[in-house]
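Asker: Provide a 3D model corresponding to the input given below.
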Amino acid sequence: MLVLLLLLIITIGLLNTEWGQNRILSIVTNKLSKDLKSRISINHVSFTFFDKMDLDGVLVEDQKRDTLLWAGKVQIRITDWFFLKDQADLKYIGLENAVAKFNRTDSVWNYTFLEKYFASTSTSSKKKAGITFNLKKVLFTNVSFEQKDEWAGELLSAKVSHLDLDAKNINIAKKKIDINSLKLIDPYFHTYSYKGRRPYHPITIKEKAAQPWDVAIAELVINGGHLKLDNNSLTPTVNYFDSKHLDFTSINTTIKNLRWQGDTLRANVDLATTERSGLQVKTLKGALKMTPQVLEFANFYLQTNESILRNYFAMRFDSLGSLNDIEHAVKMDANFVNSEIASNDVALFAPYLKTWHLD
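Answerer: Numbering: from 1, shown residues only. A predicted model of the protein is given here:
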């Protein structure tokens, strides 16, 4: 008994040293790398029992030796003695200098092997559920995400200099997110849609509807945002407003009381931005409602280069995919009261006026 007690004390002592922690980490990552047939490495780890973990130099590669995830630093803070509780708070998740890269050339993503590995080690669904984690605080610094989907035909790039999220409750399992505030500094988002490799075939089997998300954000603030949407090519060929090559810069906005339930999103918007064509959105305010068939602003107020539009504006369509063909597939519905429309602003949209359905 004395020998066992001494071994236990020595083990605990080693686990409380950085050498011991990093030695165990090396064993675990080597085992995972061998099982997954990919490279997983962490340069340094430091943790305390049982509420804190800091990871430096985190690398996860796919089975083709390409980077899935690189993070300069990962920080986690959790409820003390969380493993003795049914519910624990993830008090803080920090991510610095990180990039994630997903890609596929057929129906299989480069991260699918991870999903299969961890799914195969999961417990039976009949067993009592494990710990429920409630995320409270997220802080990202210099984080980017790239998704190259040659199968569907889409290239997506996103990055942010700084993200600060303060949450009431985030429960991924129940698809419920309730956020006090979310602030983004210098966010960048770009999508490029093109013809993919996936052959077309009509869907003949009606799938069971998934549980809808319930998302609430009391306040969303964006400073210095940049949004690009390209369709079929990356280079615009005209100087005027082109729905196939949208490029909004200097996006500064405050969105309050955002709520996304099922297929409907509602929010109170206050936004300013500039588009590549020269269109200046000095102020855009209104009560936004968006569904798969309509994008609508009540209490609408828009001040552009030389114009002011008030009251009501909506875009109606058969599906969200119709927004890729604003000229022909979208119907404009507007009721502008006490408005001032300048001819110079109208000229930015001149090529569309013959095809838009205006009421």
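Asker: where in the stretch 1-150 of the chain is pLDDT low?
Answerer: For the stretch 1-150 of the chain, the stretches with pLDDT under 70 are 1-17, 20, 49-50, 80-88, 120-133.
Asker: and the helices in it?
Answerer: Secondary structure of the stretch 1-150 of the chain by DSSP state H, counting those that start in this stretch: the helices cover 2-15, 18-36, 112-120.
Asker: and for the stretch 201-350 of the chain?
Answerer: Residue ranges of the helices in the stretch 201-350 of the chain, as given by DSSP H, counting those that start in this stretch, are 326-329, 343-347.
Asker: quick check: mean pLDDT of the longest one?
Answerer: The average pLDDT within helix 343-347 is 70.
Asker: and what of the shortest one?
Answerer: Confidence over helix 326-329, taken as the mean pLDDT, stands at 74.
Asker: and if you look at stretch 297-304?
Answerer: Predicted confidence along stretch 297-304 averages 93 (mean pLDDT).
Asker: export that stretch to CSV, keeping only CA atoms.
Answerer: In CSV, the C-alpha atoms belonging to stretch 297-304 read as follows (Å, rounded to 0.1, in the frame of the first residue of the first chain):
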residue,chain,number,x,y,z
PHE,A,297,-37.1,46.2,-44.8
ALA,A,298,-39.8,47.9,-42.8
ASN,A,299,-39.2,51.4,-41.4
PHE,A,300,-36.7,51.7,-44.3
TYR,A,301,-34.2,54.5,-44.5
LEU,A,302,-31.4,54.6,-47.1
GLN,A,303,-29.0,57.5,-47.8
THR,A,304,-26.7,56.9,-50.8
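Asker: the residue nearest to the spatial centre of the chain is in what secondary structure piece?
Answerer: When the chain is reduced to its mean C-alpha position, the closest residue under C-alpha atoms, centre = their mean turns out to be Ala158, at 8.1 Å. Assignment of secondary structure by DSSP states H and E places Ala158 within strand 154-171.
Asker: just want the angle from whichever helix or strand comes after that strand to strand 154-171.
Answerer: The element immediately downstream of strand 154-171 (helix or strand, assigned by DSSP H and E) is strand 176-185. Taking axes from the mean of the first three to the mean of the last three C-alpha atoms, to 10 degrees, one finds strand 176-185 and strand 154-171 inclined to each other by 120 degrees.
Asker: strand partners (parallel or antiparallel) of the strand holding Ala158?
Answerer: strand 137-149 (antiparallel), strand 176-185 (antiparallel), strand 188-193 (antiparallel) (DSSP bridges).
Asker: in that strand, which residues are buried?
Answerer: By neighbour count, with 16 or more other C-beta atoms under 10 Å as the criterion, the buried positions of strand 154-171 are Leu155, Lys159, Val160, Leu163, Leu165, Ala167, Ile170. In this view, the C-beta of every residue, glycine as well, is placed from N, C-alpha and C.
Asker: ok, back up a step: just send the strands paired with strand 154-171 back as a markdown table, with mean neighbour count and distance to Leu25 too.
Answerer: Output for the strands paired with strand 154-171, formatted as a markdown table (neighbours: other C-beta atoms under 10 Å; distance: least, C-beta to C-beta, whole Å):
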| stretch | mean neighbour count | distance to Leu25 |
| --- | --- | --- |
| strand 137-149 | 17 | 23 |
| strand 176-185 | 16 | 32 |
| strand 188-193 | 17 | 33 |
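Asker: need the pLDDT of Lys228.
Answerer: In the prediction, the pLDDT value recorded for Lys228 is 95.
Asker: and the gap between it and Tyr192?
Answerer: If you measure Lys228 against Tyr192 using C-beta to C-beta, to the nearest Å, the figure is 8 Å.
Asker: equivalent analysis for Phe317, please.
Answerer: 21 Å.
Asker: now Val337
Answerer: Val337 sits at a distance of 39 Å from Tyr192 (criterion: C-beta to C-beta).
Asker: ok, Pro212 next?
Answerer: Distance, Pro212 to Tyr192, by C-beta to C-beta: 28 Å.
Asker: ok, now Gly153?
Answerer: Gly153 sits 9 Å away from Tyr192, taking C-beta to C-beta as the criterion.
Asker: what do you get for Val330?
Answerer: Between Val330 and Tyr192 the distance, using C-beta to C-beta, works out to 21 Å.
Asker: again with Ser181
Answerer: Here the distance between Ser181 and Tyr192 works out to 31 Å (C-beta to C-beta).
Asker: which strand residues bridge Leu69?
Answerer: Bridge pairing for Leu69 (DSSP bridges) gives the partners Val60, Ala100.
Asker: doesn't Phe102 make contact with it?
Answerer: No: under the criterion of C-beta atoms under 8 Å, Leu69 is not in contact with Phe102, lying 9.7 Å apart.
Asker: just the strands from the stretch 251-359 of the chain, written as ranges.
Answerer: 264-275, 280-291, 294-303, 308-316, 331-336, 357-358 (DSSP state E, counting those that start in this stretch).
Asker: got those strands as JSON lines, with mean neighbour count columns?
Answerer: Rendered in JSON lines, the data for the strands of the stretch 251-359 of the chain read as follows (neighbours: other C-beta atoms under 10 Å):
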{"stretch": "strand 264-275", "mean neighbour count": "16"}
{"stretch": "strand 280-291", "mean neighbour count": "16"}
{"stretch": "strand 294-303", "mean neighbour count": "17"}
{"stretch": "strand 308-316", "mean neighbour count": "18"}
{"stretch": "strand 331-336", "mean neighbour count": "14"}
{"stretch": "strand 357-358", "mean neighbour count": "10"}
